[in-house]
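*Asks:* Build me a structure from this.
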Amino acid sequence: MPRDQIKNQTLEKKLRKYYNLTLDTNNDGVVTWDDFLAAVDSIVPKEDAEKNSRLKILRKRLEQNFQKYFADLCEVGDANQDGAIDLDEWLDVMNDIIMHVRQKNAFPEWYEGLHKALFRANEFFDDRNVLKEEFVVMMSTWEIDEEAAKKAYDFITESGKKKMDYNLFSEFMKQFFTNEEQGHVVNMGLDL
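*Replies:* Coordinates of the predicted model:
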């Protein structure tokens, strides 16, 4: 499948790094359910969930959301039907997602659910006004550099003039996935 939305080298480099940092957590070249379980554990560690009923519920919901996302991802992207998503399959999926965002200014519904789950899985003091420090912690679970995350937060919130809620986070992610300008702050250094 031609990737007509990912022609720019900056965008492709960023997407490849994003795949390796956030999805292929064990760096074996494919994304499986084990990678998603590792991501769940980095957000809500199993040991913590066993000691706290609120965290146990949060972890269970996150697992359920990730199971749905992984199943949806395999349904739309697992071209060879091996139950895993390799980098090429993921880039094909991202090509379609980027096209959808560019045409409709929205993520496909199945993919939007993942971002909602990620956003809600964080321990924000107020999820209608996420603080810079909270955003940085959320980005650190994806191994994003702290300074890059701070700059991205300042950019998307216009230095705090806008409140970081889910809608602004979603807008940030749309810009992240579609931005082709090398060195732009929204890329959080993943394009370099």
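
*Asks:* for stretch 63-72, which positions count as buried?
*Replies:* E63, N65, F66, Y69, F70, D72 (16 or more other CB atoms under 10 Å). The C-beta positions use only the backbone N, C-alpha and C, and glycine is treated the same way.

*Asks:* Going by contacts, tell me the helices and strands next to the lowest-mean-pLDDT helix or strand in the chain.
*Replies:* Of all helical and strand segments in the chain, the minimum by mean pLDDT, DSSP states H and E falls on helix 109-120, at a mean of 83. If you count contacts as 3 or more CB pairs under 8 Å, 6 or more residues apart in numbering; DSSP states H and E, helix 109-120 packs onto helix 53-77, helix 166-178.

*Asks:* Most remote residue from the middle of the chain, which is it?
*Replies:* Distance from the C-alpha centroid of the chain peaks at K51, with 27.5 Å (CA atoms, centre = their mean).

*Asks:* so where do the helices sit in the chain?
*Replies:* Assigned by DSSP state H, the helices in the chain fall at 9-18, 33-43, 46-51, 53-77, 87-104, 109-120, 132-140, 146-156, 166-178.

*Asks:* Could you dump these into CSV and include distance to N27?
*Replies:* Listed next are the helices of the chain as CSV, based on distance: least, CB to CB, whole Å:
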stretch, distance to N27
helix 9-18, 12
helix 33-43, 10
helix 46-51, 21
helix 53-77, 18
helix 87-104, 11
helix 109-120, 21
helix 132-140, 18
helix 146-156, 21
helix 166-178, 22
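
*Asks:* what sits against the residue nearest the centre of the chain?
*Replies:* Closest to where the C-alpha atoms of the chain average out (CA atoms, centre = their mean) is H115, at 6.3 Å. Contacts here follow CB atoms under 8 Å, 6 or more residues apart in numbering; on that basis H115 touches F107, F169, S170, M173.

*Asks:* any low-confidence regions in the chain?
*Replies:* 1-2, 121, 123 (pLDDT under 70).

*Asks:* can we see that at 50?
*Replies:* Within the chain, no range satisfies pLDDT under 50.

*Asks:* one step back: and the helices and strands packed on helix 109-120 as JSON lines, adding distance to E146?
*Replies:* JSON lines is the format used below for those (distance: least, CB to CB, whole Å):
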{"stretch": "helix 53-77", "distance to E146": "23"}
{"stretch": "helix 166-178", "distance to E146": "16"}
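
*Asks:* Burial check on the nearest residue to K17 once chain neighbours are set aside, number of neighbours?
*Replies:* Computed as CB to CB, 6 or more residues apart in numbering, the closest residue to K17 that is not its neighbour in sequence is L190, at 4.3 Å. L190 is flanked by 21 other residues according to other CB atoms under 10 Å.

*Asks:* ok, back up a step: now flag whichever of the buried residues of stretch 63-72 is closest to A84.
*Replies:* F70 (9.9 Å; CB to CB).

*Asks:* Of the contacts of H115, just say which sits nearest to R16.
*Replies:* Of the contacts of H115, the one sitting nearest to R16 (CB to CB) turns out to be M173, at 17.1 Å.
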